[in-house]
Structures are given as structure tokens and as C-alpha cells.
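Trainee: Okay, here's the prediction I keep looking at, along with the sequence it came from:
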There are 2 protein chains.
Amino acid sequence: MKAIKIPDKTIARLSIYLRCVEELESKGTASISSTQLADRFGLNSAQVRKDLAYFGQFGIRGLGYYVTPLRHSLEEILGLKRAWNVALVGLGNLGAALAAYKGFQEKGFKISVVFDRDPDKIGRQIEGIPVMDIEAIASVVRKRKIKIGILAVPASAAQAILDAFVKGGVIAVLNFAPAQLTAPRSVKVQNVDLSALLKTLSYHIAQAERPTSSTP
Amino acid sequence: MKAIKIPDKTIARLSIYLRCVEELESKGTASISSTQLADRFGLNSAQVRKDLAYFGQFGIRGLGYYVTPLRHSLEEILGLKRAWNVALVGLGNLGAALAAYKGFQEKGFKISVVFDRDPDKIGRQIEGIPVMDIEAIASVVRKRKIKIGILAVPASAAQAILDAFVKGGVIAVLNFAPAQLTAPRSVKVQNVDLSALLKTLSYHIAQAERPTSSTP
DNA sequence: TAGATTGTTAATCGATTAACAATC
DNA sequence: TAGATTGTTAATCGATTAACAATC
């Protein structure tokens, strides 16, 4: 009833907390305070406590947070207690790299099918993953109950692929195409524009080199 | 003197505006209003005007913004009027993909040297780019006046590489390692944690499937 | 019990949006 | 001139931070 809106930034920080807590656990640390946690990332301790408090009471007053239970809670909140099948579309340089990338698998995200439109690629396998025709996206994704899609296609093709994803029941998409896509509000589209990130950096350098502005 | 702080979010949006303006230009559109521009991205027209106004007066009252001059201005602001040499470290799956990725080159970012610690790779070339020993990072980067670095190494190695970058004069880094790195404040570090982005998505799905919460 | 740290409310800060005089 | 749209100031909104009672 009380529709408390949890900020996207809070969710993004949960991943950071999880990473930290995993490291602490492997070192055998039993507990950590919000201040210690915050200091590691240049965050504020109140922010850490508030972020966590959106989801329940995980701490112990006077002590802090027990590391292992906190890890479990964070995994539960982030939906990491289960394995996810992921569909990848586009086998260009970036797509092929993502298919081969071990990092996803380790975190429980398994790319279980790849789509491309190149007849030379369709029917083959890459890293043991079958490559299928993009025409089959909606039906395959639906049959396999895949909820997460990755778009690694040119901007011009991205919207059509997203539409196929949505048709097949995908509700979360990681989009590497530099394009503004439209989807139903229930579908979460996370854009990652690698070139745009580099442009941000070149701004920073150009700025640093500009004689007018002093570095404050 | 008046140290007006320009928000990072504004800079990120400039890239988006630029992309839009490039498209308009290729279609032959002469001018666009802030409202039209905003509508394409679900932004507010005042925000578009304010973002641009940080850098000068680019519009014409009663008309809007002329597309070609605006593109030039945005390129100038973002530091895209020149080519940038970029150093890439790490030739794993992701690093190799980035080396081969055409998108960066097209936008004026040329990966001109790659570093790895694997003796089998050192001395070879990838995509025509020389592969050198990570021990040489600081000296090579300094000699070549490279200001932008990309980190595609495991988290455990990232801080040492960043230190070498800084030593060599790099002042902007795109970091794909899931690690919290420290650098002088004059160095801009842009983190991209691909696994964390997927975790954000899995949260979204877990959330959508949770019976308690209604979709507002 | 004394000391520490949480969970949470209130204050602050910064970014977004509305409104409108300036002006093409 | 009339209509449109900018540049900019003021109002709003949301997120961050400070403060502190609750409590381990």
C-alpha cells in the first residue's frame, strides 16, 4: 500500500556493498559497521544505513552488521539466490566478447542463447552457446522463460530487437547500442554507451587543459 | 573566479544531445527547439536549455538551435575536435573485444597501445596495435603523451595499473574492474561494472515477481 | 552499566522543473 | 507586429547528510 520508492542509486550501491561484504567474508571478518563500510567507498555512513534500512533491519545496535547474514540478505534482495538465463543479441566484436566473458557466469548470469542475423553464424555455437536467427527471438525467449536480454547490435537495429524481446516476455535489458529505445514501463532498460563514457572523459581532459579554469 | 560547478549528469547528457543533433544533421534538419530535443529522450526542455547554457548561448529566441553550429559547439565542449590516443591494459576477453571494437575509433578514440603481462602476448600485435609489457606502462604512456587509459584487468591488479597510469600522466580512466580504486583528485576514474549492471536488472525482475509489491 | 552503533527523523544540499522577461 | 522560444531566476523535488533516541 505504502509505495515507498527505492532510488535506483540505492540499488546500484547494494551491489557495491555486496562486493565489499564478499571480500570481508573471504578474509574471515565477522562484522562491520556502517562507518567502516562507508569509508571504503567514500560514502556517508548514514547513507549506508538508510540504503539497507529500505529492505529491513540487518544491523545490531552497538555492533554493526554481521558479514555473512548481510551477504545473504543482499543476495536475496538483488535476486542472486538463483541462476539467471540471459539472451544475447549481436555477435559483433562486443557481442562475441560478452559471450566469452567469464565474469557474468561467475555471478550467476548464464548467456544460454545468442542471436544474430548472419546466416554464416546461425546454427553454429560460440563458447558452447547455440547461435540462432534473430527471427526466432520472441518465440525462443518465451519458451525458455528468459527474462534478461543483452543488446549488442547497431543502434539502427536495436529498437526492433527490443520489441522482439518484449514480445517474448523479457523484462530487463542491458543495452549497449547508442540509441534511445522505448519499451513498456514494466520493462527495465539499462543503457551502457561506452563511447559516451569516453566522451565524458575527453571533456574532463579538455577541461583540465583549458587555461581559464583553475582546478579548485 | 566564479567556480560554477557543472554537474557530471549535465556532461553525460551533452553526449546524448550530440548524438541526436548528429542524426538530425544527417537528415538535413536545420534547427530544433529545446522542447523537441527534450521530448526525444523524455527529458525536460528547461533542463536541455540549462545544460547548454552552462557553456554559452547557442540558441536563437523564437527559433531554437541551429543543428550544425550546435553540433560543432558540443564537439568543442566535449573535446572531440581532436583525436585521442588511448592506452588499454588487459587482453582478456573484454580487453581483446575493446581492442577490436570499431566504435571507439569512429568517435575519435584510438587505442594506440595495449599492455598485458602475458609473455606470449607481449611483442605481438592485436588489430594492428602493439602489445607491450605492463612494466612499461608509465614510461610509454608518458612518452606518447597518452591521457586516457582503459582498465580491463582483474580487480586484484587494477590499483597497481592505475598507479602506473597516474605515474605516466594519464588523467582519465575507464575502469571495468569491479574494484574501488583511489587516485589523485585531478584524475577522473569512470567505473563500469558490467556484472553490477546485471545485478540491478535481476533486482528489478525479482522485485516484479515479488507478490507483495504492486506495480504502480 | 558504559560505550558503540543502529534505524530513523529532521535539516541540508543539489538537481530538476516551472515560470517568465528578453528577444528573435 | 504577433508568435515562438530562449536564457535565467525562483520554486520544487528528491537524495544526501546530520543528529539523536533506541538499544545491543
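Mentor: Nice, I can see it.

Trainee: tell me which helix or strand of chain A sits lowest on mean pLDDT?
Mentor: Within chain A, no helix or strand scores below helix A:102-106, which has a mean of 90 by mean pLDDT, DSSP states H and E.

Trainee: What are the buried residues along it?
Mentor: Using 16 or more other C-beta atoms under 10 Å in any protein chain shown as the test for burial, helix A:102-106 gives A:103, A:104. In this view, the C-beta of every residue, glycine as well, is placed from N, C-alpha and C.

Trainee: repeat for stretch A:109-124
Mentor: For stretch A:109-124, the neighbour count (16+ other C-beta under 10 Å) marks A:109, A:111, A:112, A:113, A:114, A:115, A:116, A:121, A:122 as buried.

Trainee: helix/strand/coil for residue A:85?
Mentor: Here residue A:85 is recorded as strand under DSSP: H, G, I helix; E, B strand; the rest coil.

Trainee: got it, and residue A:183?
Mentor: Per three-state DSSP, the local secondary structure of residue A:183 is coil.

Trainee: how far out from the middle of the chain is the least confident helix or strand of chain A?
Mentor: Here helix A:102-106 is found 12 Å from its chain centre; the criterion is C-alpha atoms, centre = their mean, to the nearest Å.

Trainee: Is it in proximity to chain B?
Mentor: Yes. Residues of helix A:102-106 contacting chain B under C-beta under 8 Å from any C-beta of the partner chain: A:102, A:103, A:104, A:106.

Trainee: Can you give me the domain assignment for chain A?
Mentor: Listed domain ranges for chain A are A:8-77, A:84-197 (source: automatic domain parsing).

Trainee: now the longest strand along chain A, how far from the chain's geometric center?
Mentor: Counting residues, the longest strand found in chain A (DSSP state E) is strand A:109-116. In terms of C-alpha atoms, centre = their mean, the centre of strand A:109-116 is found 15 Å from the chain centre.

Trainee: buried sites along stretch A:19-32?
Mentor: Quick answer for stretch A:19-32 (16+ other C-beta under 10 Å): A:19, A:20, A:21, A:24, A:31, A:32.

Trainee: ok, so of those, who is nearest chain B?
Mentor: Distance to chain B across the buried residues of stretch A:19-32 (C-beta to the nearest C-beta) is lowest for residue A:19, with 6.0 Å.

Trainee: Hmm, that closest one is touching residue B:178, no?
Mentor: Yes. Residue A:19 is within contact range of residue B:178, at 6.0 Å (criterion: C-beta atoms under 8 Å).

Trainee: ok, now how distant is the closest residue to DNA strand D within chain A from DNA strand C?
Mentor: Nearest residue of chain A to DNA strand D (C-beta to the nearest atom of the strand) works out as residue A:62 at 2.1 Å. Separation of residue A:62 from DNA strand C (C-beta to the nearest atom of the strand, to the nearest Å): 3 Å.

Trainee: remind me which residues of chain A are low pLDDT?
Mentor: By pLDDT under 70, the low-scoring segments of chain A are A:1-3, A:211-216.

Trainee: one more time with 50, if that's ok
Mentor: Where chain A drops to pLDDT under 50, the residues are A:1-2, A:213-216.

Trainee: Spell out which residues of it are next to DNA strand D.
Mentor: Selection of chain A residues close to DNA strand D by C-beta under 7 Å from any atom of the strand yields A:5, A:7, A:9-10, A:43-44, A:46-47, A:49-50, A:60-63.

Trainee: Determine the set of other helices and strands touching the longest helix anywhere in chain A.
Mentor: Taking DSSP state H as the criterion, chain A has its longest helix at helix A:8-27. Judged by 3 or more C-beta pairs under 8 Å, 6 or more residues apart in numbering or on different chains; DSSP states H and E, helix A:8-27 is in contact with helix A:34-41, helix A:45-53, helix A:67-78, helix B:194-209.

Trainee: now residue A:208: how far from DNA strand C?
Mentor: Counting by C-beta to the nearest atom of the strand - residue A:208 and DNA strand C are separated by 19 Å.

Trainee: Now that residue. Nearest residue, chain neighbours left out?
Mentor: residue B:171 (6.1 Å; C-beta to C-beta, 6 or more residues apart in numbering or on different chains).

Trainee: Closest to the centroid, which residue in chain A?
Mentor: residue A:174 (7.0 Å; C-alpha atoms, centre = their mean).

Trainee: Wait, a helix at that one?
Mentor: No. In this structure, residue A:174 is strand, not part of a helix, as judged by three-state DSSP.

Trainee: Let me know whether it touches residue B:199 as I believe.
Mentor: No. Taking C-beta under 8 Å as the definition, residue A:174 is not a contact partner of residue B:199, at 10.9 Å.

Trainee: circling back: ok, so of the buried residues of stretch A:19-32, who is nearest residue B:88?
Mentor: residue A:19 (23.5 Å; C-beta to C-beta).

Trainee: what's near enough to touch that closest one?
Mentor: Neighbouring residues of residue A:19 by C-beta atoms under 8 Å, 6 or more residues apart in numbering or on different chains: B:178, B:196.

Trainee: Can you name the residues that contact residue A:113?
Mentor: A:85, A:87, A:88, A:129, A:130, A:132, A:140, A:141, A:144, A:146.

Trainee: If you count contacts, what does the least confident helix or strand of chain A end up packed against?
Mentor: Using 3+ C-beta pairs under 8 Å, 6+ apart, helix A:102-106 is in contact with strand A:109-116, helix B:194-209.

Trainee: List the contacts of it.
Mentor: The contact list for helix A:102-106, computed with C-beta under 8 Å, 6+ apart, reads A:86, A:98, A:110, A:111, B:93, B:94, B:194, B:195, B:198.

Trainee: of those residues, closest to residue A:152?
Mentor: For these, the nearest to residue A:152 is residue A:98 (6.0 Å; C-beta to C-beta).

Trainee: Would you list the phi and psi of that closest one?
Mentor: phi -60, psi -40 (degrees, to the nearest 10).

Trainee: tell me the contacts of it?
Mentor: Here residue A:98 is in contact with A:88, A:104, A:111, A:150, A:152, B:97 (C-beta under 8 Å, 6+ apart).

Trainee: Tabulate those residues (a markdown table), appending distance to DNA strand C.
Mentor: Listed next are those as a markdown table, based on distance: C-beta to the nearest atom of the strand, whole Å:
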| residue | distance to DNA strand C |
| --- | --- |
| A:88 | 31 |
| A:104 | 30 |
| A:111 | 33 |
| A:150 | 26 |
| A:152 | 27 |
| B:97 | 31 |
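
Trainee: Let's have those residues in a markdown table, adding distance to residue A:166.
Mentor: Below are the contacts of residue A:98 laid out as a markdown table (distance: C-beta to C-beta, whole Å):
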| residue | distance to residue A:166 |
| --- | --- |
| A:88 | 16 |
| A:104 | 22 |
| A:111 | 19 |
| A:150 | 14 |
| A:152 | 17 |
| B:97 | 27 |
